[in-house]
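Peer 1: When you get a sec, could you give me coordinates for this:
(3 chains)
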Amino acid sequence: MMIPVLIGVSFVIFSMLYFAPGDAADVILGDQATLSDKQLFRAQNGLDKPFLVQYLNYMKGVILRGDLGTSYVTRQPVTDEIIARFPTTLRLSALSVALAVVIGVSVGIISATRQYSFIDHFATSLSMIGVSMPNFWQGMMLIIVFAVWLRWLPPSGFSTPLHWILPAVTVGTNASANIMRMTRSSMLEIIRQDYIRTARAKGQTERVVIMKHALKNALIPIITVVGLSFGRLLGGAVLTESIFSIAGVGKLMVDAIKLKNTPMVQGGVLFIAFVMSIVNLVVDVLYSFADPRIRSMYTRPRTKKLAALKEGA
Amino acid sequence: MRKRVLALALVMIALLAVTAGAADRKLKDTLRVATWEDLKTMDPQASNFASNWLVQLNIFDRLVYEDVEGDVHPRLATSWKYLDDLTLEFKLRNDVFFHDGGKFTAEDVLFSIKRGKANPISASTFAAFDADHSVIVDPYTIRLKFVKPYAAVFNTLSGGRGSIVSKAAVEKMGADVFARNPVGSGPYKLASWKTGTEINLVRNDKYWGEKAITKNVTYVVIPEAANRVIELETGGVDAVFDVAANDIKRVKSMKGAHILMGDSNRYMTLTFSMKDKLLSNKDVRYALSYAIDKKALVDAVYEGTATVADGMYPSTVYAFKRKGVIPFDQAKAKELLAKAGYPNGFTMNFLIENREADIRLAEIIQNMWAAVGVKVKLFTMSASTYTAQGNKYQAGMRAGNANEPSNILIIYDSAFGERLEPNDPELDKMLANAKTILDSKKRAAAYGAIQDYLYDIRYTVPLAFTPVIYALSDKVEGWTCDPLQQIEMSKVSVYQ
Amino acid sequence: MPDLDQTTVSMKNRGQYKEIWRRFKKNKGALLGLGFIALLVVCALLPKLIAPYGFDDQQLSRRFQSPSWQYPFGTDEYGRDIFSRVIYGCRISLTLGLVSVTISCLFGLILGCIAGYYGKIVDNIIMRVIDVMLSIPNILLAVSIVAALGPSFFNLMLAIGIGAVPGYARVVRASILSVKEQEYIEAARSNGAGDFHIIMRHIIPNCMAPIIVQATMSIATAILSAAGMSFIGLGIMPPTPEWGSMLASGRAYIRDYWYVVTFPGLAIMLTVFSINLLGDGLRDALDPRLKS
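Peer 2: Here you go, the predicted model:
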């Protein structure tokens, strides 16, 4: 399943960049180069060959050698550049998602169990505000307050754990809003179910009822949203990376697109697509732990049923 | 007698106190500097941007150093003389070692020039060099030959692309690996490079010249101007390259930091495409130039730090001739437009770089031209994308930055193409001729005549001479206010 | 987002409309959202009546004025009245939201219909294409499209619109799948109704509910995406007063002149917030099952 999707991604991006107007030669050589200089550059980089030839050469490199091409600008392998920056983006995404899950799930549970209370309304409003705020604006505000006025935290960079706080909060609070809402509505549905009433009637403490019975069953949609968020964060931390001057993959991509550094863009998007496929895989595995119905799928022809369940979820 | 002893004792105590105080001034062993973008490469002959050169100049040496006055000082070359108009002989130092231990010889000089010629990025810089007929007389003597008499030779050899690389290292590693692992002979070596984040240099203790004062230099990459200043404020860095005009007030009011501002070789100019029917009309160009209130423009965008351009290129560049500021005269502008056949104005494309200052200048100009009926459509993208989308050049804006007239006037060359395309054979002749005049007085006169011509023909309208602005912690010393942002870190020290 | 695939509210029944409106009215938040949006629409349609200045009246001598009676939101770096620019910006943002959502809706509807109705191989292919689109992060996809086509207002809307297509396609497809096997479809078919007819008259009306909710939410996302794109520098060209580009250009002054960034930011936030309230209200009103 992954392979055709990845091939599709590579083809789409490759075509978009190929047919896009503008040429790496002009951008990279700058306007102090003559026409013949640019022709030389094009020849050196294989930019003058026809479309399919370029695409096939590229795919050959990717599949056979894991070679995602060579950046026009730095002349280093794209793979190296991405791998150098990927841990940073991964760390930012992981921290943000962790923060989002912790805040989102706990607040969601509280909201659901005390529906229509002050806390519920407050949390819901706050999460709505959080979702409505452009997150780069939020980042800027956080820098002003915590780095400049209070001097508690550093304003940019990503080297020490102290540096991680503000960016993770900026990205995490946004994601936490979605997770909170999903947790809340999912829990609300479950709580009305009969088996919850049974558990309560049996004399279980409220805490056990919520955590053991309700939460477990509410997990599937929550996991879906978390998985989606992580995927979104991976490529989408672009704006946050700009504000905090974090050298991550997202910013690398945007700079590469602006400079028409085609190999970098292709390689980067392919790489991100690959990682997102893996995340989806992990989410699928988590499903099977969370839901015994799905676990049982693994003993019979499961593709269709799994897909149906996922669509229904 | 007692009084004298007492006096002496007091003096001794005073001296001790002072020296104790001075001894408290310990040097830090790492200087942290904020730069605005990461290097694309460490290869000097493959470099195109100031952000590359300001780091490279500490790793590599050049043959000579041409200072702001135009005086040429020996570096790797100890002396030189012209054998004839086309041959320049250099005598080289025999005590220089590269960072990998190899010895510097004339082979490395010729190699560097040859690879400069071969690389499309720097080929035009070395156009006048005739590498094939240059001769290595002995390991420390080289005769460089030129295709035509080349007045700017010392400027080129003193500039970034003239950096001398180790032939052995490049041949062993290959250019691509060398770009990440440079081997030069300069006062600093590359210790580590975290792409996109920071570059660490460490002192070269075997340097042939004065050893660097500060052991480590770290260039921290911070693309946002405001963030750079914030880092200075919070002590994250000791110095900042490239301060935005609106941060100047803040730095000045910061305790423990100050602004260092000086003339630069940088200027902003409007360019008009001569291929365009509208703009090839001289009256139209004059009208557009009169419609801009240059003083208000420059004040608004640069908060008083830049000066209105009163010549065709920056006043710091050789042979600058003051032509005066083109006056602001809306009525005359409208009159000229009507005379040219456009009483109701017209619509025009305006292409600019996607940089803060450029965009601000353009928005104000757009508004000023609208007042005389010229509607402007702004495009912020690279030139190649612009033309590839089928747009024609009309008006544009560019920043010029060079300390040598032939470089700064390169945009007028017919061969340069794009955007201007003056296709003016007379101008081409004047420019080519000026490049070959070796006599200083005659050369200045030639460039003066060129500037007169350009002012009259108005292919371009220079707008502002922008200063170079650094923000430094008060604990930093030895930082010169270099117009091209080429700071020699070996001379910089920072205290605790 | 809890799905509405199982909703089989037939919109043809007028009594149902009244019922939906009644439920909607009960939600105070939704009414608030609706009210604010109505205000925005008025500003979008009649900016000249409300804004005291034009959106490009530069007064270089009046730069960075603090908010005052004359300039309620202050002036920006060219001396333009920020309040007027925010008002003119309403039209840009709402147009952006509506057009990009229409584009997504259209393509999503077509793809989802074909996939859901015809099933099997066609469905599989279309779902794979959607997977491909979902594997490319939205903002990168939009940036690539704008970089490829060139920055213009329409291209921006197109780029943002295309990014949202997968969401719609999936919703439509799910709706169709749930409805496809129903009896009245069989009945229509046995009456000799053609595929197209069935799709148009029976299936699409049944997906309207989830699509409407999705659409309201997407308008909010579109506005935020456009702001983000302007921030990177691929958005709308000056001097157009788009709120996101006002944020981007005001960013450098945030510490000295907070109002240059705050008011456009608030405008975005309140607009998106209102749309979300409206969307939530619609969703609750259209699917009473969730409220029980």
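
Peer 1: secondary structure class for the residue of the stretch 151-300 of chain B found nearest chain A?
Peer 2: Nearest residue of the stretch 151-300 of chain B to chain A (C-beta to the nearest C-beta) works out as B:Gly196 at 3.0 Å. All C-beta spots, glycine's among them, are computed from the backbone N, C-alpha and C. Following DSSP: H, G, I helix; E, B strand; the rest coil, B:Gly196 is assigned to coil.

Peer 1: Apart from its chain neighbours, what residue comes closest to it?
Peer 2: In this structure, B:Gly196 finds its nearest non-sequential neighbour in A:Ala247, 3.0 Å apart by C-beta to C-beta, 6 or more residues apart in numbering or on different chains.

Peer 1: Spell out which parts of the stretch 151-292 of chain C neighbour chain B.
Peer 2: The stretch 151-292 of chain C has residues C:Pro151, C:Gly233, C:Met237, C:Pro238, C:Pro239, C:Ser249, C:Arg251, C:Ala252, C:Tyr253, C:Ile254, C:Arg255, C:Asp256 near chain B, with proximity defined as C-beta under 8 Å from any C-beta of the partner chain.

Peer 1: From those residues, which land in helices?
Peer 2: Mapping those onto helices (DSSP state H) picks out C:Ser249.

Peer 1: that older thread, what residues are up against the residue nearest to B:Gly196?
Peer 2: A:Arg85, A:Thr88, A:Phe158, A:Glu241, B:Asp38, B:Lys194, B:Thr195, B:Gly196, B:Thr197, B:Val221 (C-beta atoms under 8 Å, 6 or more residues apart in numbering or on different chains).

Peer 1: Among those, which one is most surrounded by other residues?
Peer 2: Neighbour counts for those, by other C-beta atoms under 10 Å in any protein chain shown, peak at A:Glu241, which reaches 27 neighbours.

Peer 1: Can you show me the CA trace of the helix or strand containing it as CSV?
Peer 2: A:Glu241 belongs to helix A:238-243 when assigned by DSSP states H and E. C-alpha atoms of helix A:238-243 as CSV (Å, rounded to 0.1, in the frame of the first residue of the first chain):
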residue,chain,number,x,y,z
VAL,A,238,7.2,25.4,9.0
LEU,A,239,5.8,28.6,10.4
THR,A,240,7.0,27.7,13.9
GLU,A,241,10.4,26.8,12.6
SER,A,242,10.6,30.2,11.0
ILE,A,243,9.6,32.2,14.1
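
Peer 1: What lies in contact with the following helix or strand past that helix?
Peer 2: Following helix A:238-243 in sequence order, the next helix or strand is helix A:249-258 (DSSP H and E). Applying C-beta under 8 Å, 6+ apart, the contact partners of helix A:249-258 are A:71, A:73, A:81-82, A:85-86, A:88-89, A:234-238, A:241-242, A:261, A:264-265, A:268-269, A:271-272, B:196, B:354, B:382, C:137, C:139-140, C:143-144, C:147, C:232-234.

Peer 1: Quick one: low-confidence residue ranges for chain C.
Peer 2: Filtered on pLDDT under 70, chain C yields the residue ranges C:1-15, C:180-181, C:183-185, C:193-196, C:198-199, C:202-206, C:287-292.

Peer 1: C:Arg255 contacts A:Ile143, doesn't it?
Peer 2: No: with contact defined as C-beta atoms under 8 Å, C:Arg255 does not reach A:Ile143; the gap is 9.7 Å.

Peer 1: Please state the backbone phi and psi of the residue nearest to B:Gly196?
Peer 2: phi -80, psi 80 (degrees, to the nearest 10).

Peer 1: again, but for B:His73
Peer 2: Main-chain torsions, B:His73, degrees, to the nearest 10: phi -110, psi 150.

Peer 1: again, but for the one 4 residues further on
Peer 2: Note on B:Ala77: backbone dihedrals following degrees, to the nearest 10 are phi -90, psi 140.
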